[in-house]
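[1] this is the structure alone, sequence omitted:
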């Protein structure tokens, strides 16, 4: 099967290259391959599987729709399944947004929701420009890719996203975040900046593909004040951070920020394709049919999504993600103190990144305010994508599936399901530590 996949599928395939397995069964955190091997899955469908694989409440919800004889394809018609989903979604939204929200069902992927959000704010404001951030990832369709950090043909104004370890201003900490905010204000208020008043600003409360960088809460509140004062709609991309992943139901809730638009997908469909845009009612200026999609009424996904949203809420899984995430970060930071190739450990809740660096290269001078400097007051060493790939391979040998991300694919990413047990958490950390030790001790791996 792997040979046929390689011969038949596009060169654009990604995960299949680094993870040469053929899943045949899965439950919770565990995947079983066609060769009989079992793996602990800390990729979780790139954050899609909030409850892990084949959770009983999700399967029950899907079976209930299938057994009812309800139509599975209804375009955007009202159905009991859709009504139950929107009711549960509104219950979970930040109250200040839910009180005056509208929901747009669009295409089934997160990138489709980003496209809809960008189109919405341009239609509502009559303006064209978009503010986005370095390191961002919003999808692979044309508009979403333009707003992402890897865009080649830039028609979007790019702003510096604050981070401690590799601060774009070389200072880190609160000072780095302050400079990022001041730069944003300067571009918007300087009549000669070349940046006209934009249609909107889009950001991730935690950058995922960019290397797992949580936005500082104070900085995010500053972005809210900047956009609000200038009547710029603020779009929060919660495609990967939503539904409890970061320790709150929505990642923006850490800062108390209420965006004008929220983009939701992945976990919102309970493992099936679903994407929605939630926005303030005064932005609802669409003409009938102005934005549509044939598969925007996915009944099975809505049923699975309703079950997932309710289960996360009723079982306080966001709070558990916060507790487990802190525990994992503590242990991983102890591991980083032991192995110089682990340059930085960061994250929020169960969205964690470990940046691999070249331990033999000279460090940059330490930023004066940063809390992420290495022992001895040194700054970050060069990223080591080959070491990160080696750790990923060693993890797979030990039955652990992890993802790579970050600017140079040098960040090991952990996205376990919110249902991971204490014992499974220990097993994940043990296997990861063993993989790091093997790579650190092994010859022939060079960044």
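    Noted; the coordinates are in hand. Not measured: the values here are computed from a predicted model.

[2] which residues in the stretch 51-200 of the chain form helices?
    For the stretch 51-200 of the chain, applying DSSP state H, counting those that start in this stretch gives helices covering 56-68, 80-92, 95-98, 110-125, 142-146, 173-189.

[3] tell me the SS of the nearest residue to residue 33 once chain neighbours are set aside?
    Spatial nearest neighbour of residue 33, excluding adjacent residues (C-beta to C-beta, 6 or more residues apart in numbering): residue 21 at 4.5 Å. Yep, even glycine has a C-beta here, placed from its N, CA and C like the rest. Secondary structure, DSSP: H, G, I helix; E, B strand; the rest coil: residue 21 is coil.

[4] now for residue 21: which residues touch it?
    The contact partners of residue 21, by C-beta atoms under 8 Å, 6 or more residues apart in numbering, come to 31, 33-35, 37, 39, 396, 401.

[5] what's the closest of those to residue 108?
    The nearest member of these to residue 108, counting by C-beta to C-beta, is residue 31 at 23.0 Å.

[6] identify the bridge partners of the closest one.
    residue 26, residue 39 (DSSP bridges).

[7] ok, it touching residue 39?
    Yes. Residue 31 lies in contact with residue 39 (C-beta atoms under 8 Å); the separation is 4.7 Å.

[8] what touches both of these two?
    Counting by C-beta under 8 Å, 6+ apart, the residues touching both residue 31 and residue 39 are 21, 401.

[9] okay if I get the contacts of residue 21 as JSON lines plus distance to residue 219, secondary structure and neighbour count?
    Formatted as JSON lines, the contacts of residue 21 follow (distance: C-beta to C-beta, whole Å; DSSP: H, G, I helix; E, B strand; the rest coil; neighbours: other C-beta atoms under 10 Å):
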{"residue": "31", "distance to residue 219": "37", "secondary structure": "strand", "neighbour count": "23"}
{"residue": "33", "distance to residue 219": "43", "secondary structure": "strand", "neighbour count": "17"}
{"residue": "34", "distance to residue 219": "47", "secondary structure": "coil", "neighbour count": "12"}
{"residue": "35", "distance to residue 219": "47", "secondary structure": "coil", "neighbour count": "8"}
{"residue": "37", "distance to residue 219": "44", "secondary structure": "coil", "neighbour count": "11"}
{"residue": "39", "distance to residue 219": "37", "secondary structure": "strand", "neighbour count": "22"}
{"residue": "396", "distance to residue 219": "36", "secondary structure": "helix", "neighbour count": "19"}
{"residue": "401", "distance to residue 219": "33", "secondary structure": "strand", "neighbour count": "23"}
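
[10] need those in TSV (columns: distance to residue 269 and pLDDT).
    Conversion of those to TSV gives the following (distance: C-beta to C-beta, whole Å; pLDDT from 0 to 100):
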residue	distance to residue 269	pLDDT
31	19	97
33	25	94
34	26	93
35	30	92
37	28	96
39	23	97
396	27	97
401	21	97
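
[11] closest one of these to residue 306?
    Taking these together and measuring to residue 306 by C-beta to C-beta, the closest member is residue 31, at 25.2 Å.

[12] separation between the closest one and residue 146?
    With the distance defined as C-beta to C-beta, to the nearest Å, residue 31 ends up 35 Å from residue 146.

[13] one more: residue 101?
    Distance from residue 101 to residue 146, by C-beta to C-beta: 26 Å.

[14] tell me if I'm right that residue 70 and residue 77 touch.
    No. Counting by C-beta under 8 Å, residue 70 stays clear of residue 77, with 11.5 Å between them.

[15] who has more neighbours, those two?
    A direct count of neighbours by other C-beta atoms under 10 Å for residue 70 and residue 77 places residue 70 higher, at 15 against 9.

[16] so what does the more buried one look like in phi/psi?
    The phi/psi pair for residue 70 (degrees, to the nearest 10) reads phi -70, psi 150.

[17] where along the stretch 101-250 of the chain do the strands fall?
    Using DSSP state E, counting those that start in this stretch, the strands of the stretch 101-250 of the chain run over 101-105, 130-133, 157-159, 200-203, 206-207, 213-214, 234-237.

[18] actually the stretch 301-447 of the chain, sorry about that
    Under DSSP E, counting those that start in this stretch, the stretch 301-447 of the chain gives strands at 342-348, 351-356, 400-401, 403-405, 411-414.

[19] what is the second one packed up against?
    Where contact means 3 or more C-beta pairs under 8 Å, 6 or more residues apart in numbering; DSSP states H and E, strand 351-356 is packed against helix 317-338, strand 342-348, helix 385-397, strand 411-414.

[20] for these, which one ends up most surrounded?
    Comparing the helices and strands packed on strand 351-356 by mean neighbour count (mean count of other C-beta atoms under 10 Å), strand 411-414 ranks first with a mean of 26.

[21] partner strands of it, with direction?
    Sheet pairing of strand 411-414 (DSSP bridges) gives strand 351-356 (antiparallel), strand 403-405 (antiparallel).
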